[in-house]
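A.B. asks: Got a sequence here, can you build the structure:
(2 chains)
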Amino acid sequence: MNEAEILTMIISALMWQRYNGTIKLYTDNTGYAFIKKHDLLTLWDGGIDTEVLENNSYPIDPEVFWAAGKLLALEAHTCPCVMLDTDLIIVQPIYNLIKDSSITALHRETLNTDVYLSPSLLKVPNGFKFPDYYNWKVLPSNTAFLYIENESFKILYLNESKQFMFHNTGKPQELVSQMVFAEQRLLSICADYRGLPISYLLTNPFSLSNDTVIHLWGFKSLLRTNENVQAIYCRQLIKTVEKEISTNPLFQHYRERYLQIPK
Amino acid sequence: MNNTSDLGKDNTPAISKAMRHYIFAFVQDSINQPDNFETNKKWLKGYCKNEEINYPELESDLNVFFELLEEYCRKGTPVLYRCLKLQSQKCFIDEERFDLLKIIPDVHDSMTEIQNSSARCQDKNTNSSSEGSGIVGGHIIGL
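C.D. replies: Numbers count the residues shown, from 1 in each chain, chains lettered A, B, ... in the order given. Here you go, the predicted model:
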């Protein structure tokens, strides 16, 4: 994680507490050591859990399913709950946006065939067959933000995902197709099967009418390779929350070390 | 926890067509004739005063635009191009006018990449795994 990513993670956690309530971090021992090294152990008011990921013995290949930890954390957490990526900041109270929905994700994704492979191209475990009731036409959902109201839906979704991920070690040619199927496409397929409509925080991720979400998304790779852009981003982000930094004790705690505008 | 937030509210002031036109001309001229920059800024300040637009804020947004432009010209990254486009809207330059700026990166290979990425933008821009998928809500933080 570079400075911009750490800054985003800090502001994400603080803004969630500011507008939406308690937040908890699920990580492993390596993540915990990183957080400790950066003096951020108290950032999440709901605490930090390492047991879920450290004690897990599921037969999941982390190289193929690099975001499976999110799904394990979701499994451990009781619904209703929101799963939030650390590179995503919610800048508004969202209760009114999710209160009438069973499932809310960040936005729809298009069925780009380079990323969302057809069933015949996906790598599957030995003896695995995709169920006939899967609707392959439904659009996947970006799960950088995911609200699930109902525990039984969560269990269905995670069971389907686990069946696909367990003992599935075939490496994809690119880094993402297996993971996004297990996490993002299966969510929409399971919701469709259950007849549950998915609501979205954003109809179009790049619409200027978005007043709720800041998501680094693919910008992370640019920040990692370009220090100038990183400085511009950090400066703009800190300026955005300047009022909170100067008035809110929650933010002030991190002011000196992390929330100074870079020159 | 508080249930109100000022962030994300549309605080964009309404400006006249003439002002929009001037800002576009200002940017265009600053790209083509960097020597005129300081003189043009004086004019811009005058326009802002007439239209009761916050000049320091606009100047700061334009500075970010030019910083991103410089980086884009050096690197030619598609994500940066999208950020630049987003930032231009914060500076009252709409998409149509932005395209008229015909910004081309110095790196030749990147141009091919941009063209390819533009051709596929409908699909690529809404995929989490896409190299072209940039920041979401960049306008909220002024990018």
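A.B. asks: Starting from residue A:228, give me the distance back to residue B:47.
C.D. replies: 29 Å (C-beta to C-beta, to the nearest Å). (C-beta placed from N, C-alpha, C; glycine too.)
A.B. asks: repeat for residue A:85
C.D. replies: 25 Å.
A.B. asks: And the two? Which one has more around it.
C.D. replies: Counting neighbours by other C-beta atoms under 10 Å in any protein chain shown for residue A:85 and for residue A:228 shows that residue A:85 has the greater number, 21 against 13.
A.B. asks: ok, the more buried one touching residue A:144?
C.D. replies: Yes: taking contacts as C-beta atoms under 8 Å, residue A:85 lies within contact range of residue A:144: 4.2 Å.
A.B. asks: remind me, longest helix of chain B?
C.D. replies: As assigned by DSSP state H, the longest helix anywhere in chain B is helix B:55-75.
A.B. asks: Just the buried residues of that one, please?
C.D. replies: B:58, B:60-62, B:64-69, B:71-73, B:75 (16 or more other C-beta atoms under 10 Å in any protein chain shown).
A.B. asks: Also within reach of chain A: list those from those residues.
C.D. replies: By C-beta under 8 Å from any C-beta of the partner chain, the members of the buried residues of helix B:55-75 lying near chain A are B:64, B:67-68, B:71, B:75.
A.B. asks: Any chance of a markdown table for the residues you listed, columns pLDDT and distance to residue A:159?
C.D. replies: Output for those, formatted as a markdown table (pLDDT from 0 to 100; distance: C-beta to C-beta, whole Å):
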| residue | pLDDT | distance to residue A:159 |
| --- | --- | --- |
| B:64 | 91 | 47 |
| B:67 | 91 | 49 |
| B:68 | 92 | 45 |
| B:71 | 90 | 46 |
| B:75 | 83 | 44 |
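A.B. asks: Now flag whichever of those is closest to residue B:90.
C.D. replies: Relative to residue B:90, the closest of those is residue B:64; by C-beta to C-beta it sits at 8.0 Å.
A.B. asks: Point me to the helix or strand that includes the one residue in chain A that gets nearest to chain B.
C.D. replies: Closest to chain B within chain A is residue A:211: 3.1 Å, counting by C-beta to the nearest C-beta. Residue A:211 belongs to no helix or strand when assigned by DSSP states H and E.
A.B. asks: My guess is it contacts residue A:90. True?
C.D. replies: No: counting by C-beta under 8 Å, residue A:90 is not a contact partner of residue A:211; they are 10.9 Å apart.
A.B. asks: Looking at those two, which is more packed in?
C.D. replies: Set side by side, residue A:211 and residue A:90 show more neighbours around residue A:90, with 25 against 16, by other C-beta under 10 Å.
A.B. asks: For the more buried one, give the beta-bridge partners.
C.D. replies: For residue A:90, the beta-bridge partners are residue A:213 (DSSP bridges).
A.B. asks: residues in contact with residue A:3?
C.D. replies: A:230, A:234 (C-beta atoms under 8 Å, 6 or more residues apart in numbering or on different chains).
A.B. asks: So which residue is dead centre in chain B?
C.D. replies: In chain B, the centroid-proximal residue (C-alpha atoms, centre = their mean) is residue B:88; its distance is 2.0 Å.
A.B. asks: pLDDT score for the closest residue to it other than its chain neighbours?
C.D. replies: Once flanking residues are discounted, residue B:88 sits nearest to residue B:98: 4.7 Å by C-beta to C-beta, 6 or more residues apart in numbering or on different chains. pLDDT for residue B:98: 92.
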